[in-house]
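**Student:** generate a structure from the sequence data that follows.
(2 chains)
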Amino acid sequence: MIAHSIFFYTFSIIAIVSAIMVTASKNTVHSVFFLILDFISISCLFIMIGAEFLGMIMLIVYVGAVAVLFLFVVMMLNVAQQKNQWFSSEASSKHIPVGLIISTLIFVELIIVVGGWKYKPDLFDINNSLELAKVSNTHSLGQVLYTDYIHVFQISGMILLVAMIGAIVLTFRKRVGVKTQSYIKQISRERSDGVSVLNVESNKGVKIDD
Amino acid sequence: MEYLGILFDQIYKILFLLVPVLVSVAMVVWLDRRVWAFVQKRQGPNVVGPFGLLQTIADALKYIFKEIIIPSSSNKVIFILAPIVTMTLALIAWAVIPFSATQVLADINVGILYLFAVSSLGVYGIIMGGWASNSKYPFLGAIRSAAQMVSYEVSIGVIIINVLLCVGSLNLNDIVIAQQNLWFVIPLFPMFVIFFISALAETNRPPFDLPEAEAELVAGYQTEYSGMMYAMFWLGEYANILLMCAMGAILFLGGWLSPLEIYPFTLVPGPIWLVLKILLLFLLFALVKAIVPRYRYDQLMKLGWKVFLPLSLIWVVLTASYLFYFNLLPVN
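**Tutor:** Numbers count the residues shown, from 1 in each chain, chains lettered A, B, ... in the order given. Next comes the predicted model:
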């Protein structure tokens, strides 16, 4: 048990410190790197409580894909400058109260959920129909996800699809004057289409465009 | 005291795994250069040691004694961290590779997810190196490689789902044992081809080595690196290639299983079969480097998103419906 608590406290201290550093560090790229460290230590914590599937998915989805896109955006746009402007200039400081209200809301919600879970367990309808001890994490997740919660699962998939289509529609623009490669056109091109032999009168030249 | 015993036992096991991996990385670099040279009718490195086998070790020694230059405008911490991250990620993944039914460092029940997660983290070494150098060529290389690796990971993930449908477990040893009668390379041959090509793209190997395309980007994300830090990028890349080969061998070529369960083949122990399969895949990697010209960037993206992703998704539907229709779904 000693080793367990040593690892638990190491990971949770890293998680909390890096979460603080996300907001505290001046360089925006550094904050994204701290966010990644935070994700990694949280997935370690997930693995420690026996939710190894969740931990691995956290690594694959958040660290492997989402945080890379974060890094992209932060590196390409000059977010660091904008962030400094927000905090230093007078005009834009109205963002801070909004952020404070949202974070207070999240904090209150967390207190309600965690406190309720601790002191009023009968409020929560936990489905114990599966004997979780016997099957592995992945199996039990799959059994619940694709039977009891299939509609929620499908709806969340549809929402993601709509978001994807929306992003494509917003960024799609038809550019004119761009030569795109078409494999079918290239392969189906014959010699007779491309080359023609003309009789050219001397000192006249040839117009190709007719 | 009890904990110390466990700790020393584990360290001993880890050293027994990592030292051979590092030595074989050095040998594999030599093999890669030799194959490349033979395709071009050259000799390749053949001076240091027998057949030039010690060439990589000589190179590594040279790198160790070179000065490490850190550009003054770079972000120093991240600049130094980047090659360390690359090398560490290339080595920690070997923890779950099964060399036989019992010889595996960590026999976890989400082994394939762990491998996939570690290989998807590999992009950070490159992106950190490219950004921290604070120079245009490394940054362009890093952006290219991030886009490339994220795109090809998607199809590798879908291919892994194909294999998992046939196995019914995420444990790597279970995946190997499920291939006892038939290696997955036969029923899932198109997936094996796509996996191989995606692995080339995932490890930034030619023909997909755009992140370090020397004609346009000097050396891509490694441009500002020198000495031992460059060598760590370089060896980490080869360790990653070996890892992808091991992944291919386990997913499709039956891992440590012998090709036929009859007398002369069963004499050879499992780890040797796995090493032979990894070497076979690596030879293919080396040949591809020598004979295929580099892709253009838009062609690379088109191949990943418009060809491989739909193809592997369709194959998932086909595999699932086949297994469901003939009642072959693995249930435990």
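**Student:** quick one: neighbours of residue B:79, just the number.
**Tutor:** Residue crowding around residue B:79 was assessed by other Cβ atoms under 10 Å in any protein chain shown; the count is 21. For glycine as for every other residue, the C-beta is placed from the backbone atoms N, C-alpha and C.
**Student:** near chain B, which residues of chain A?
**Tutor:** A:2-3, A:27, A:29, A:33, A:36, A:52-53, A:56-57, A:59-60, A:63-65, A:68-69, A:71-72, A:75-76, A:136-138, A:181 (Cβ under 8 Å from any Cβ of the partner chain).
**Student:** drop anything exposed from those.
**Tutor:** Among the residues of chain A next to chain B, those buried by neighbour count (16 or more other Cβ atoms under 10 Å in any protein chain shown) are A:29, A:33, A:36, A:52-53, A:56-57, A:59-60, A:63-65, A:68, A:71-72, A:75, A:136-138.
**Student:** now the nearest residue to residue B:297 once chain neighbours are set aside: how far from chain A?
**Tutor:** Excluding its sequence neighbours, the residue lying closest to residue B:297 (Cβ to Cβ, 6 or more residues apart in numbering or on different chains) is residue B:210, at 5.7 Å. Residue B:210 is 16 Å from chain A, where distance means Cβ to the nearest Cβ, to the nearest Å.
**Student:** and for residue B:12?
**Tutor:** Going from residue B:12 to chain A by Cβ to the nearest Cβ gives 18 Å.
**Student:** kindly report the same for residue B:24.
**Tutor:** Applying Cβ to the nearest Cβ to residue B:24 and chain A gives a distance of 26 Å.
**Student:** that residue - nearest residue in space that isn't next to it in sequence?
**Tutor:** Here the residue nearest residue B:24, using Cβ to Cβ, 6+ apart, is residue B:242, at 6.9 Å.
**Student:** roughly how far does that neighbour sit from residue B:248?
**Tutor:** The gap separating residue B:242 from residue B:248 is 11 Å, by Cβ to Cβ, to the nearest Å.
**Student:** please identify which helix or strand holds residue 56.
**Tutor:** Picked chain A for this. Assigning secondary structure by DSSP states H and E places residue A:56 in helix A:52-58.
**Student:** please go with chain B instead
**Tutor:** Assigned by DSSP H and E, residue B:56 falls in helix B:55-65.
**Student:** now residue A:96
**Tutor:** helix A:95-119.
**Student:** mind giving me the packing neighbours of the helix or strand following that helix?
**Tutor:** Scanning forward in sequence from helix A:95-119 by DSSP H and E, the next helix or strand is helix A:137-145. The helices and strands touching helix A:137-145, judged by 3 or more Cβ pairs under 8 Å, 6 or more residues apart in numbering or on different chains; DSSP states H and E, are helix A:52-58.
**Student:** gap between stretch A:176-190 and the chain center?
**Tutor:** For stretch A:176-190, the separation from the chain centroid amounts to 35 Å (computed by Cα atoms, centre = their mean, to the nearest Å).
**Student:** and it, how far apart are its ends?
**Tutor:** Start-to-end span of stretch A:176-190 (Cα to Cα, to the nearest Å) is 27 Å.
**Student:** quick one: contacts of it?
**Tutor:** B:298, B:299 (Cβ atoms under 8 Å, 6 or more residues apart in numbering or on different chains).
**Student:** how is chain A partitioned into domains?
**Tutor:** Using automatic domain parsing, the domain parsing of chain A gives A:7-93, A:127-171.
**Student:** mind listing what's buried along the longest helix anywhere in chain B?
**Tutor:** Taking DSSP state H as the criterion, chain B has its longest helix at helix B:2-39. Of the residues in helix B:2-39, B:17-18, B:21, B:24-37 count as buried by neighbour count, 16+ other Cβ under 10 Å.
**Student:** looking only at pLDDT, what's the mean for it?
**Tutor:** Throughout helix B:2-39, pLDDT has a mean value of 87.
**Student:** residue A:63 touches residue A:41, doesn't it?
**Tutor:** No. Using Cβ atoms under 8 Å, residue A:63 is not in contact with residue A:41; the gap is 10.8 Å.
**Student:** checking the closest residue to chain B within chain A next. Helix, strand or coil?
**Tutor:** Residue of chain A nearest chain B, by Cβ to the nearest Cβ: residue A:64 (3.1 Å). Here residue A:64 takes the helix state, with states given by DSSP: H, G, I helix; E, B strand; the rest coil.
**Student:** for it, give its distance to residue B:287.
**Tutor:** Noted for residue A:64: a distance of 29 Å to residue B:287, by Cβ to Cβ.
**Student:** for residue B:207, same thing?
**Tutor:** Plainly put, residue B:207 is 12 Å away from residue B:287 if you go by Cβ to Cβ.
**Student:** the closest residue in space to the residue of chain A closest to chain B that isn't next to it in sequence: what's it in contact with?
**Tutor:** Distances taken as Cβ to Cβ, 6+ apart place residue B:120 nearest to residue A:64, at 3.1 Å, with adjacent residues excluded. Neighbouring residues of residue B:120 by Cβ under 8 Å, 6+ apart: A:59, A:60, A:63, A:64, A:65, B:149, B:153.
**Student:** please repeat the previous calculation with a cut-off of 10 Å.
**Tutor:** Applying Cβ atoms under 10 Å, 6 or more residues apart in numbering or on different chains, we find residue B:120 in contact with A:59-61, A:63-65, A:68, B:89, B:149-150, B:153, B:156-157, B:202.
**Student:** other residues contacting stretch B:271-279?
**Tutor:** Stretch B:271-279 is contacted by residues B:20, B:24, B:27-28, B:31, B:97-100, B:103, B:176, B:183, B:241-250, B:252-259, B:265, B:268 when judged by Cβ under 10 Å, 6+ apart.
**Student:** output the lowest mean pLDDT helix or strand found in the chain.
**Tutor:** No chain was given, so I picked chain A. Least confident helix or strand, chain A: helix A:79-88 with a mean of 63, by mean pLDDT, DSSP states H and E.
**Student:** let's do chain B instead
**Tutor:** Lowest-scoring helix/strand for chain B, mean pLDDT, DSSP H and E: helix B:214-217, at a mean of 71.
**Student:** and the next helix or strand after it, which residues are buried?
**Tutor:** Sequence-wise, the next helix or strand downstream of helix B:214-217 (DSSP H and E) is helix B:227-252. Across helix B:227-252, burial judged by 16+ other Cβ under 10 Å covers B:229-252.
**Student:** also compute the angle for helix B:227-252 relative to helix B:55-65, please.
**Tutor:** Inter-element angle recorded for helix B:227-252 and helix B:55-65: 140 degrees (by axes from the mean of the first three to the mean of the last three Cα atoms, to 10 degrees).
**Student:** any idea how far helix B:227-252 is from the chain center?
**Tutor:** 5 Å.
**Student:** that one relative to helix B:2-39, how many degrees between them?
**Tutor:** Going by the same axes, to 10 degrees, helix B:227-252 makes 90 degrees with helix B:2-39.
**Student:** I'd like the average pLDDT over the helix or strand following helix B:227-252.
**Tutor:** Moving toward the C-terminus from helix B:227-252, the next helix or strand (DSSP H and E) is helix B:263-266. Here helix B:263-266 scores 74 as its mean pLDDT.
**Student:** buried residues in the helix or strand that helix B:263-266 is followed by?
**Tutor:** Sequence order places helix B:270-291 as the next helix or strand after helix B:263-266, per DSSP H and E. Residues of helix B:270-291 classed as buried: B:270, B:273-275, B:277-279, B:281-282, B:284-286, B:288-289 (neighbour count, 16+ other Cβ under 10 Å).
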